[in-house]
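Participant: Provided below are the primary sequence and the corresponding predicted coordinates.
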Amino acid sequence: MSNRPIVLGIVGDSAAGKTTLTKGIAQVLGEENVTVICTDDYHRYDRVQRKELGITALHPDCNYLDIMQQHLSLLRTGQPILKPVYSHKTGTFEPPQYIKPDKFVIVEGLLGYSTRGARDSYDVKVYLAPPESLRATWKVKRDTMKRGYTPEQVMGELQKREPDSEAFIRPQRQWSDIVVSFYPPREDAEESNSHLNVRLVLRPTIPHPGFTEIIQSNRADYTSPIRLELDRDMGKPVDVLEIDGHATKEDVIHLERMLCSEIPSLIPFCSTDSNPDLGKLVGTTGEILQSYPLALTQLLISYHMLKAARIV
């Protein structure tokens with residue numbers, strides 16, 4: 001393992017699924033080995049001040065990006081930070097926390113790739129890009145259940161934030177190594193939970209697994225629930241791994257073993273039997289659901305974290 005922490009960035013718009021993805025990765029790597037940082041803590045203004053100023057939390061001017069960048073640089077070299085704390089529940093700031101980084105650091109938030117210095121701090125960079133209609137569904141669900149908003153208030157906030165999403169959040173996609181897009185299957189456009197498909201754009205900025213066996217199986221069966229394709233993203237050639245929401249446990253075991261055979265540290269987590277919390281998410285009515293596309297996405301990102309730890 002590396003003598004310094006391995007840093008993962010997970011960037012995406014509000015309610016894009018960052019926290020759900022982060023939880024599963026932390027379980028794979030061992031929660032005792034992971035420090036999780038939310039860049040929302042670097043907001044410059046609280047909720048009341050933002051309303052008075054007419055600025056959204058997505059705007060760079062609403063965040064202390066220089067302090068965030070400095071703290072990321074310190075964490076990457078294993079140094080502690082005194083991190084600000086923003087409460088989404090109250091919309092106010094709480095006392096700062098002393099944070100000493102563990103073996104792995106996961107940094108999730110809105111503007112994590114917005115400066116060159118911040119981008120240079122990550123070993124692996126992920127961007128979440130669900131369809132906007134699905135993100136809106138997730139945001140309404142989360143903000144009404146956990147933050148006390150009405151559906152009308154949430155939709156109004158989404159509309160108000162849209163210009164800043166377009167200007168400052170989505171352009172960060174270009175800096176990622178992996179773009180994760182969960183989306184509903186064609187036959188069920190209303191699906192928003194465990195049966196979503198996932199499209200993983202794998203850019204050549206980091207070395208991905210070979211997936212040779214998937215390529216060979218694709219030649220024989222184009223209807224496979226797990227497929228590897230060639231495509232272009234933002235004008236550049238990429239590999240795309242597609243995993244359908246209807247994939248069965250048997251369908252995913254082969255891919256799990258393929259990933260884990262390269263990284264022995266992953267072997268204890270390569271089965272949903274040995275790690276039952278992998279791919280778990282909360283449904284619309286609070287029930288716990290299992291998503292195999294989510295589980296495989298969490299495993300793939302964990303693979304890259306462990307591989308980075310071996311080569312640094």
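Facilitator: All right, it came through fine. Just so it is clear, the structure is predicted and the values come from calculations on it, not from any experiment.

Participant: Which strand or helix spans residue 56?
Facilitator: In the assignment (DSSP states H and E), residue 56 maps to no helix and no strand.

Participant: hang on, isn't it packed against residue 63?
Facilitator: No: applying C-beta atoms under 8 Å as the test, residue 56 and residue 63 come out as separate, 10.5 Å apart. (Glycine included, C-beta is placed from N, CA and C.)

Participant: Comparing the two, which residue is more hemmed in?
Facilitator: Comparing residue 56 with residue 63 by neighbour count (other C-beta atoms under 10 Å), the higher total belongs to residue 63, at 23 against 20.

Participant: tell me which residues form a beta bridge with the more buried one?
Facilitator: Per DSSP bridges, residues listed as beta-bridge partners of residue 63: residue 43.

Participant: In contact with it, which residues?
Facilitator: 39, 42-44, 57, 110-111 (C-beta atoms under 8 Å, 6 or more residues apart in numbering).

Participant: just the buried members of those?
Facilitator: Among the contacts of residue 63, the ones that count as buried by 16 or more other C-beta atoms under 10 Å are 39, 42-44, 57, 110-111.

Participant: Can you tell me which of these lies closest to residue 133?
Facilitator: Using C-beta to C-beta, residue 110 is the member of the buried ones among the contacts of residue 63 that lies nearest residue 133, at 19.7 Å.

Participant: And the closest one, how far from residue 40?
Facilitator: 7 Å (C-beta to C-beta, to the nearest Å).

Participant: Now list whatever residues contact both of those two.
Facilitator: Shared contacts of residue 110 and residue 40, counting by C-beta under 8 Å, 6+ apart, come down to residue 57.

Participant: the strands in the chain, which residues?
Facilitator: Secondary structure of the chain by DSSP state E: the strands cover 6-11, 34-38, 81-87, 92-99, 104-109, 124-128, 178-183, 197-202, 226-233, 236-243, 280-282, 288-290.

Participant: Take the ones you listed and write them to TSV, including mean pLDDT, distance to residue 311 and mean neighbour count.
Facilitator: Below are the strands of the chain laid out as TSV (pLDDT from 0 to 100; distance: least, C-beta to C-beta, whole Å; neighbours: other C-beta atoms under 10 Å):
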stretch	mean pLDDT	distance to residue 311	mean neighbour count
strand 6-11	98	10	27
strand 34-38	97	19	21
strand 81-87	98	26	16
strand 92-99	98	26	12
strand 104-109	98	15	25
strand 124-128	98	12	25
strand 178-183	98	17	23
strand 197-202	97	18	21
strand 226-233	92	24	14
strand 236-243	94	20	18
strand 280-282	84	30	17
strand 288-290	88	33	13
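
Participant: how about those strands in CSV, adding distance to residue 163?
Facilitator: Converted to CSV, the strands of the chain look like this (distance: least, C-beta to C-beta, whole Å):
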stretch, distance to residue 163
strand 6-11, 18
strand 34-38, 23
strand 81-87, 22
strand 92-99, 26
strand 104-109, 19
strand 124-128, 20
strand 178-183, 22
strand 197-202, 25
strand 226-233, 24
strand 236-243, 26
strand 280-282, 30
strand 288-290, 34
